[in-house]
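Undergrad: give me the fold of what follows.
(one chain, ligands or ions: 1)
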Amino acid sequence: MYWNEHFECMNREELKELQLMRLKKIVERVFFNVPFYRKKFQELGVEPADIKSLDDLRKLPFTTKQDLRDNYPFGMFTVPMSEIVRVHASSGTTGKPTVVGYTREDINTWAEVLARTLTCGGTTKNSVIQIAYGYGLFTGGLGIHYGAERVGASVIPMSAGNTKRQLMLMKDFGTNVLACTPSYALYLAETLEKMDWDRDKLKLKYGIFGAEPWSERMRQEIEKRLQISAIDIYGLSEVIGPGVASECQGKKGLHIFEDHFLPEIIDPVTGESLPFGEKGELVFTTLTKEGFPVIRYRTRDISIMTEEPCSCGRTHVRMSKVMGRTDDMMVIRGVNVFPTQVEAVLLEIGEIEPHYLLIVDRIGNLDSLEIQVELSSSMFSDKIKGLEDLERKIRSRIDSTLGISAKIKLVEPHSLPRSEGKAQRVIDRRKI
Ligand code: DLL
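TA: Sure, this is the predicted structure:
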């Protein structure tokens with residue numbers, strides 16, 4: 001079943017024409033409204049009139065998270081703030097978040113691509129959908145919320161957490177679609193088993209899972225334990241949020257909604273475009289966004305694209321499940337975390353050495369983060385009370401800056417391993 005058959009199943013030649021027309025417009029839009037883009041284009045000697053075919057996309061510069069940081073908070077917007085009706089944010093690589101803005105029309109586009117995504121996953125106007133992605137600056141909760149309303153489903157805006165209550169309402173309200181991160185879905189399954197409920201009390205049929213990497217093995221596990229059909233959905237705040245790509249019930253790759261997002265796979269080292277079938281970094285150009293369009297945004301996510309027709313009839317290209325990252329970003333309980341963010345917090349606090357180790361684990365299907373921090377020699381001889389205060393201070397700063405709770409373990413000076421090359425800052429014990 002399709003949400004918008006006209007666009008989802010468009011003949012590819014026609015689709016390419018539409019993409020080119022939209023690309024020309026968006027290039028003009030950023031060139032004339034965002035000084036950052038104009039300068040970058042001029043440095044490369046390109047201007048909007050040079051875009052005559054889709055291949056000319058390669059003449060355009062890439063955009064990175066660092067560029068967004070340099071233009072923090074609203075420097076990349078193409079409209080005045082009076083036209084922006086919503087702002088979201090995701091983790092930056094250090095202290096400041098990456099900020100994205102939407103016009104009213106962008107919210108409309110977002111609801112459209114999410115209506116497609118949810119329909120791919122089995123949601124209809126008769127569904128009762130429980131949204132257990134976080135609501136707030138994170139794009140997951142509100143993004144999917146608008147899509148679900150567009151489809152006409154009955155929406156339960158639960159947000160994340162409160163697991164027993166989630167299950168109680170799931171039973172009482174007859175939820176049949178669950179939208180959350182895959183690790184939270186497993187945690188819900190586990191809690192359900194512990195509560196010794198009869199699974200038949202739940203009407204759950206479909207899962208709409210994403211925002212973090214998960215494997216086929218994990219899918220099988222979730223599908224078996226919750227007795228549902230689970231699809232993978234992909235997106236990132238910089239491009240729009242969830243709604244960039246979605247699996248259909250064929251579950252053989254995620255269809256990228258190409259009438260809105262123009263994808264490329266590049267070699268992350270040389271920046272060369274790679275052909276279909278080759279593994280590389282995903283890059284997106286938004287074709288319709290007004291408030292905050294991006295040109296060739298480097299996602300750092302590794303995937304493979306295929307153009308082969310899909311059994312579902314959608315003509316949009318598919319990307320494989322995300323296979324990794326080209327940087328050191330981790331997703332812990334749905335929150336993007338860069339080791340450099342932790343470092344920035346620690347250095348601000350002082351009293352400790354810039355030696356730290358992040359230990360990520362998955363205990364009972366819940367991600368845990370422990371941060372081991374080396375004390376300075378002077379602090380080491382200090383009183384226990386001082387150390388407890390320090391631990392508390394670090395925990396609360398990490399919580400407020402990264403939006404994630406962590407266990408802090410202060411360790412003796414010189415006790416963390418030193419390295420001669422790249423420091424190993426992360427031990428990830430999760431078996432995804
Ligand atoms: O995670 C948007 C989203 C919300 C997607 C809900 C799906 C569902 P950010 O917080 O900006 O946006 O994080 C984006 O998360 O670059 C990937 O590294 C990772 N990611 C998102 N979806 C998937 C997925 C949202 N299905 C970053 N598989 C991306 C693997 C994913 N990684």
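
Undergrad: ok, the residue of the stretch 301-432 of the chain at minimum distance from the ligand - contacts?
TA: With Cβ to the nearest ligand atom as the measure, V322 is the residue of the stretch 301-432 of the chain nearest to the ligand, at 3.6 Å. For every residue, glycine as well, the C-beta is placed using N, CA and C. Contacts here follow Cβ atoms under 8 Å, 6 or more residues apart in numbering; on that basis V322 touches 213, 234, 301-303.

Undergrad: and the closest residue to it other than its chain neighbours, backbone torsions?
TA: Counting by Cβ to Cβ, 6 or more residues apart in numbering, V322 lies nearest to D301, which is 4.8 Å off, once chain neighbours are set aside. As for D301, its main-chain torsions (degrees, to the nearest 10) stand at phi -90, psi 140.

Undergrad: what does E281 give?
TA: E281 adopts backbone torsions of phi -90, psi 140, taken as degrees, to the nearest 10.

Undergrad: distance of it from the ligand?
TA: For E281, the distance to the ligand under the criterion Cβ to the nearest ligand atom, to the nearest Å works out to 11 Å.

Undergrad: which residues of the chain lie near the ligand?
TA: Among all residues of the chain, those adjacent to the ligand (criterion: Cβ under 6 Å from any ligand atom) are 90, 133, 139-140, 210-213, 232-237, 241-242, 299, 301, 322, 325, 331, 336.

Undergrad: among the residues you listed, name the ones in helices.
TA: Cross-referencing those with the helices (criterion: DSSP state H) gives 139-140 as the overlap.

Undergrad: what about the residues of the chain next to the ligand, which are in strands?
TA: Secondary structure assignment by DSSP state E places 90, 210, 232-236, 241-242, 299, 301, 325, 331, 336 of the residues of the chain next to the ligand in strands.

Undergrad: turn the residues you listed into a markdown table, columns for pLDDT and neighbour count.
TA: Compiled in a markdown table, those are given as follows (pLDDT from 0 to 100; neighbours: other Cβ atoms under 10 Å):
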| residue | pLDDT | neighbour count |
| --- | --- | --- |
| S90 | 89 | 20 |
| G210 | 95 | 28 |
| D232 | 98 | 23 |
| I233 | 98 | 24 |
| Y234 | 98 | 24 |
| G235 | 98 | 28 |
| L236 | 97 | 22 |
| G241 | 98 | 26 |
| P242 | 98 | 29 |
| T299 | 97 | 22 |
| D301 | 96 | 20 |
| R325 | 91 | 16 |
| V331 | 92 | 20 |
| N336 | 91 | 23 |
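
Undergrad: need those residues in CSV (columns: distance to Y146).
TA: Below are those laid out as CSV (distance: Cβ to Cβ, whole Å):
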residue, distance to Y146
S90, 18
G210, 16
D232, 20
I233, 14
Y234, 18
G235, 13
L236, 17
G241, 10
P242, 10
T299, 23
D301, 24
R325, 28
V331, 23
N336, 22
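
Undergrad: ok, these vs Y102, which is closest?
TA: Each of those was checked against Y102 using Cβ to Cβ; the closest is G241, at 9.0 Å.

Undergrad: name the nearest residue to that closest one, ignoring sequence neighbours.
TA: Sequence neighbours aside, T139 is the residue nearest to G241 in space, at 2.9 Å (criterion: Cβ to Cβ, 6+ apart).

Undergrad: beta partners of V337?
TA: The residues listed as beta-bridge partners of V337 by DSSP bridges are M330.

Undergrad: count of neighbours near it?
TA: Under the neighbour criterion other Cβ atoms under 10 Å, V337 is assigned a count of 24.

Undergrad: mind checking how far it is from L358?
TA: In this structure, V337 and L358 are separated by 8 Å, where distance is defined by Cβ to Cβ, to the nearest Å.

Undergrad: need the overlap of contacts for those two.
TA: Between them, V337 and L358 have L369 as joint contacts when contacts are counted by Cβ under 8 Å, 6+ apart.

Undergrad: can you pull the buried residues of stretch 364-374?
TA: When neighbours are counted by 16 or more other Cβ atoms under 10 Å, the buried residues of stretch 364-374 are found to be 365, 367-369, 371-374.

Undergrad: stretch 311-330 too?
TA: Of the residues in stretch 311-330, those scored as buried under the neighbour-count criterion (16+ other Cβ under 10 Å) are 312, 314-319, 321-322, 325, 329-330.

Undergrad: just those residues now: which is nearest E105?
TA: H316 (21.4 Å).

Undergrad: the closest one should be in a helix, yeah?
TA: No. Per DSSP: H, G, I helix; E, B strand; the rest coil, H316 lies outside any helix segment and is coil.

Undergrad: okay, helices next: where are they in the stretch 301-432 of the chain?
TA: Counting by DSSP state H, counting those that start in this stretch, residue ranges of the helices within the stretch 301-432 of the chain are 339-349, 377-380, 384-402.

Undergrad: most tightly packed of those helices?
TA: Counting by mean count of other Cβ atoms under 10 Å, helix 339-349 has the highest mean neighbour count of those, with a mean of 18.

Undergrad: point out where the stretch 301-432 of the chain drops to low pLDDT.
TA: 381-382, 420-422 (pLDDT under 70).

Undergrad: in contact with the residue nearest to V322, which residues?
TA: 236, 281-282, 322, 324-325.

Undergrad: tabulate the residues you listed (CSV), appending distance to R219.
TA: What follows is those, written out as CSV (distance: Cβ to Cβ, whole Å):
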residue, distance to R219
L236, 21
E281, 24
L282, 20
V322, 13
G324, 17
R325, 20
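
Undergrad: out of the residues you listed, give me the two with the largest separation.
TA: Most distant of the contacts of D301, by Cβ to Cβ, are L236 and G324, 14.9 Å apart.

Undergrad: quick check: bridge partners of the residue nearest to V322?
TA: Beta-bridge partners of D301, counted by DSSP bridges, are R325.
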